[in-house]
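could you look at this predicted model? Sequence included:
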Amino acid sequence: MMKKDTIRQHPTAGRTVLVVDDNEMLVEFAATVLKAAGHSVKQFSDPKAALRALDNADPKPDVLVTDYEMGEMNGLELIQRSLKIHPALKTLLLSGTVDGSITLSHPVKVDCFLGKPYKPEQLLAAVAGIMKK
């Protein structure tokens, strides 16, 4: 369990982050961490719903945090489709089933990869890092 005082507002706080994972517990965990650090979070367990929300969002979110393994659409496909809607979107791919080398052979631009399981501090550092790019 995460202690409330372990998460502090990050310098990149205030960003809007889409979190997508077909595992509702993992979506909730990531959203809780990001919200505690001062981010606005939109959470989805369905990648198609996340795409619809991204398409309709005004203003557009800053960051997409997505799992790789999600059934009918994987995280790289979600990132690819999301970048067509919002080319400036920063992206973070999460996975407990593949490693970061999967992004090397794929034509999709991924700003950062983070393996699962991860600690709250690792997620926040990854989001902060891609916001500096």
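Nice, I can see it.

need the nearest residue in space to V108, chain neighbours excluded.
Once its chain neighbours are removed from consideration, V108 has its nearest residue in Q80; the separation is 4.5 Å (Cβ to Cβ, 6 or more residues apart in numbering). Where you see a C-beta, it was placed from the backbone N, CA and C, and this is true even at glycine.

quick check, that neighbour in contact with V110.
No: the pair Q80 / V110 is not scored as a contact, 9.7 Å apart, by Cβ atoms under 8 Å.

so between the two, which is more surrounded?
Set side by side, Q80 and V110 give different neighbour counts by other Cβ atoms under 10 Å, the larger being at V110 (23 against 17).

contacts only, for that one.
Residues in contact with V110, defined by Cβ atoms under 8 Å, 6 or more residues apart in numbering, are 76, 79, 91-93, 103.

so who does the spatially most central residue of the chain touch?
The residue lying closest to the centre of the chain (Cα atoms, centre = their mean) is V65, at 0.6 Å. Applying Cβ under 8 Å, 6+ apart, we find V65 in contact with 17-20, 30, 34, 92, 94, 123, 127.
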